[in-house]
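A.B. asks: predicted coordinates and the sequence they were generated for:
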Amino acid sequence: MKQKILVLCTGNSCRSQMVEGYLRHFVNDKAEVYSAGVEVHGVNPKAVEAMKEDGIDISHHTSNHIDEYQNIDFDFVITVCDNAKERCPYFPSKAKKIHHNFPDPAKAMGTEEEIKQQFRAVRKMIKKYSEEFVKKNL
């Protein structure tokens, strides 16, 4: 049976979407990957663009609220921002909870190019983390 992974962030718009995209890429058929937020902000177009630059298409992703997944028995719940970790609801399951705070590229300031560079920098961190997570856990 496939393992089930939930990636949780505040608004399910950037970091959790990027982690979901990379995890899906690296897990092949070993797991089902979901992402959600404690709020719903919509998928950030700059996150879609940054991922596309690395060959990962998240344009079809949707921004989902954590409540949508309460009936799924997850094996892993990964929080990718401190706010989500603090606000994460209790999951009555065997899920292993893992936390890794990534900077929020949606808060980047500067020129358009400087903002893109922030998204690329966070994407690089997320890609490395996702690949290592899969190697260690699946």
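C.D. replies: Yep, that arrived.

A.B. asks: low pLDDT regions in this protein?
C.D. replies: Residue ranges of the chain with pLDDT under 70: 84-92.

A.B. asks: which residue is nearest the centroid of it?
C.D. replies: Nearest to the mean C-alpha position of the chain, counting by CA atoms, centre = their mean, stands Ser16 at 2.0 Å.

A.B. asks: who touches the residue lying closest to that one once chain neighbours are set aside in this structure?
C.D. replies: Once flanking residues are discounted, Ser16 sits nearest to Cys9: 3.6 Å by CB to CB, 6 or more residues apart in numbering. All C-beta atoms are positioned from the backbone trio N, CA, C, and that covers glycine. Residues in contact with Cys9 (CB atoms under 8 Å, 6 or more residues apart in numbering) are 15-16, 35, 37, 79-81, 84.

A.B. asks: swap in 6 Å and give it another go.
C.D. replies: 15-16, 37, 80-81, 84 (CB atoms under 6 Å, 6 or more residues apart in numbering).

A.B. asks: going by distance to Ala106, which of these wins?
C.D. replies: Arg15 (8.5 Å; CB to CB).
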